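Asks: My questions are about this predicted structure, shown below with the sequence.
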Amino acid sequence: MELIEIKGIDILTKEEKRLANKLLNEYFPKIERKIKNIISLKVHIKEYEKEGKRKKYSINIKVINSADVFEANAHNWDFARTMHKVLNKIENEIEDRFHPSEQHPKTKKSF
């Protein structure tokens with residue numbers, strides 16, 4: 001079974017498909033380092049609000065491991081920017097869930 005599942009890739013151009021695969025292959029090892037035992041990474045790409053030659057993209061991503069489910073979504077007119085946004089959001093979601101104490105370090109009280 002393949003870990004990365006992309007739904008809606010058929011609506012993309014050849015260049016957008018290449019970019020999506022490149023970014024997913026770039027971000028997946030980072031995500032995998034943060035959480036172990038990834039069962040699947042699901043990406044759902046939608047387009048809507050066509051205005052002339054422009055399309056607006058909505059990308060939802062879901063990372064499932066043995067204990068948790070992490071979700072993020074982003075939408076924008078630029079496909080590359082949308083992919084980066086959603087992949088950064090999922091990384092931050094994972095980081096927030098597993099390392100909350102590093103974000104707000106405890107201050108020592110002196111008496």
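Replies: It's in. Numbers count the residues shown, from 1 in each chain.
Asks: drop to CA atoms for contacts and neighbour counts, all remaining ones
Replies: Fine.
Asks: Excluding sequence neighbours, find me the nearest residue to Asn60.
Replies: Excluding its sequence neighbours, the residue lying closest to Asn60 (Cα to Cα, 6 or more residues apart in numbering) is Asn73, at 4.3 Å.
Asks: Looks to me like that neighbour is in a helix.
Replies: No - Asn73: not assigned to a helix; according to DSSP: H, G, I helix; E, B strand; the rest coil it is strand.
Asks: ok, it to Ile4 distance?
Replies: Asn73 sits 16 Å away from Ile4, going by Cα to Cα, to the nearest Å.
Asks: Which secondary structure state does the residue nearest to His84 when sequence neighbours are not counted sit in?
Replies: Excluding the flanking residues, the one nearest His84 by Cα to Cα, 6+ apart is Leu23, at 7.6 Å. Secondary structure state of Leu23, per three-state DSSP, is helix.
Asks: you'd agree Leu23 is up against Thr82?
Replies: No - assessed by Cα atoms under 8 Å, Leu23 is found out of contact with Thr82, at 11.0 Å.
Asks: Asp78 versus Glu47, what's the distance?
Replies: In this structure, Glu47 and Asp78 are 11 Å apart, going by Cα to Cα.
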